[in-house]
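Chemist: Make a model of this:
(chains A, B, C and D)
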There are 2 protein chains.
Amino acid sequence: MPATAKSQETKQRILDAAEALFARDGFASVTVRQIMKQAGADVALAYYHFESKRDLFDAVLMRRAELMNAVRHAALDEVEQRHPDDAPTLEEIIGAFTNPLLDLLANDHEQWQHYFALIAQVNNSPEWGGALMTKYFDPLVRRFLDAIRLALPDSTESDLFWSYHFLSGALTLTFAETGRIDNLSNGVCRSSDMQAISERLPAFIAAGFERLARPDS
Amino acid sequence: MPATAKSQETKQRILDAAEALFARDGFASVTVRQIMKQAGADVALAYYHFESKRDLFDAVLMRRAELMNAVRHAALDEVEQRHPDDAPTLEEIIGAFTNPLLDLLANDHEQWQHYFALIAQVNNSPEWGGALMTKYFDPLVRRFLDAIRLALPDSTESDLFWSYHFLSGALTLTFAETGRIDNLSNGVCRSSDMQAISERLPAFIAAGFERLARPDS
DNA sequence: GCCTGTATTCAACAAGCGTTGAAGACTAGT
DNA sequence: ACTAGTCTTCAACGCTTGTTGAATACAGGC
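Modeler: Numbering: from 1, shown residues only, chains lettered A, B, ... in the order given. Take a look at the predicted model:
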């Protein structure tokens, strides 16, 4: 019953390997044997720690989702405490949604980068996008939309949801670091340039939210 | 040597089936046998018309890319002819990039919807996103960025590329119609509501471009 | 009615897949 | 040293995969 420290360590190594491979090649392209080879363990061990390949995939997704939600909740807490009376600016709120991801990358780039690339694929998949993203991120997103509603009282519900949807697409593609912008810009911009992103993404998105709320401005 | 009309027809049926299945499940999840069953033809026929599964995938991507680029070029032509002297507004230019996709959907929804869902997966894949999107869409994107540069002379090159990158993410996710926004909004917004998109996406994106070009506004 | 080339079917190949059962190794507690 | 329980290995299962070569059907030109 009690899991040894060593076995938990191997379990994490399996998750790490699966995360990296799923992120790069997608669920179906990756074979369990590939994963276990990269993890340096026997194939059968995957089925000792996880029920199936699909279960392993879910475990990969779940592992970081909670921490990711926690740091974003904390960031929004901090923004709200900074404004006990007035409402925070829209850009502050959006920043609390995006900047924590940059912090995670700064501390442990490789692993989180794989995870974000995986999320981008899930988000854009008709098979999984609707259900899985909803399952893992809806409560957090709803809280952010609540905060935005206060900062933008003129905005309709539809405008808020669509604006968030555009944010979601821009965010996941950007953090996937596919190398697209490197090619398009001939190296002027780099996918991995996190400072460039933090300087632009929140401002860009906030402007979009505001435009839909107040078309005249 | 001369291909009969009937065989060309089956070839298109194979492409249609492959397009639909690849869009929903991704390249690796789909089997050649599945595709040929849905196309109503023998497995081996896939290898008569195409060199390999991967070659079939490329053919699916290529088939609509040219038409898609053509209608967008035409839309930008029209915008520029409408402004022989002054520069078009930013929102007009962005609209020429996004609205043609809505027109394609309006005429033949099912097929183009599959194609857009496929593009979204490719765009967000580290394996293919960088190379394939560059190959199929770079010349068009460059022309649009040229037009935007005239409308936003204060914008730096980096700001333009990043802004386009955000646009690209928002656009591909939105047209993928994953059902995500339906879930998040409890049915208030629908993925397939093209009018809602055309009323919001160009405005949202244009505001983002402008904010990065003129942070003070 | 034959002949040539295209189009389509059939049956099969080797390789790799996800998954499993049984057997061995290791690490406590006694 | 024995035992109980956790962890790991080995070898294999049945099935599916992408792909192919040979055989058949079908057309049009003579």
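Chemist: Now for the residue nearest the centre of chain A, which secondary structure element holds it?
Modeler: Centroid-nearest residue in chain A, with C-alpha atoms, centre = their mean: A:Phe116, separated by 5.0 Å. Per DSSP states H and E, A:Phe116 falls inside helix A:109-123.
Chemist: Would you mind pulling the contact partners of the following helix or strand past that helix?
Modeler: As assigned by DSSP H and E, the chain's next helix or strand after helix A:109-123 is helix A:129-151. The contact list for helix A:129-151, computed with C-beta atoms under 8 Å, 6 or more residues apart in numbering or on different chains, reads A:61-62, A:65, A:69, A:72-73, A:76, A:79-80, A:87-90, A:93-94, A:96-97, A:122-123, A:155, A:160-161, A:164, A:168, A:209, B:176, B:178-180, B:182-184. In this view, the C-beta of every residue, glycine as well, is placed from N, C-alpha and C.
Chemist: which residue packs closest to A:Lys53, ignoring adjacent ones?
Modeler: Distances taken as C-beta to C-beta, 6 or more residues apart in numbering or on different chains place A:Val32 nearest to A:Lys53, at 5.5 Å, with adjacent residues excluded.
Chemist: residues near the one you found, how many?
Modeler: 17 (other C-beta atoms under 10 Å in any protein chain shown).
Chemist: tell me the contacts of A:Ser168?
Modeler: A:Asn123, A:Met133, B:Leu173, B:Arg180.
Chemist: ok, back up a step: so the residue nearest to the centre of chain A sits against A:Thr178, correct?
Modeler: No: A:Phe116 sits out of contact with A:Thr178 when judged by C-beta atoms under 8 Å, with a separation of 10.8 Å.
Chemist: quick one: the host helix or strand of A:Arg63 to helix A:109-123, angle?
Modeler: For A:Arg63, the host element (DSSP H and E) is helix A:53-82. If you take axes from the mean of the first three to the mean of the last three C-alpha atoms, to 10 degrees, helix A:53-82 sits at 100 degrees to helix A:109-123.
Chemist: What residues sit buried inside helix A:53-82?
Modeler: Buried positions in helix A:53-82, judged by neighbour count with 16 or more other C-beta atoms under 10 Å in any protein chain shown: A:53, A:56-57, A:59-61, A:63-65, A:68-69, A:71-73, A:75-76, A:79-80.
Chemist: Enumerate the positions of the helix holding A:Phe116 that are buried.
Modeler: Buried residues in helix A:109-123 (16+ other C-beta under 10 Å): A:111-123.
Chemist: what do you get for stretch A:26-41?
Modeler: A:Gly26, A:Phe27, A:Val30, A:Val32, A:Ile35, A:Met36, A:Gln38, A:Ala39, A:Ala41.
Chemist: Return the residues of chain A in contact with DNA strand C.
Modeler: A:4, A:30-34, A:43-44, A:46-47, A:52-54 (C-beta under 7 Å from any atom of the strand).
Chemist: That's all I had, so thanks and see you.
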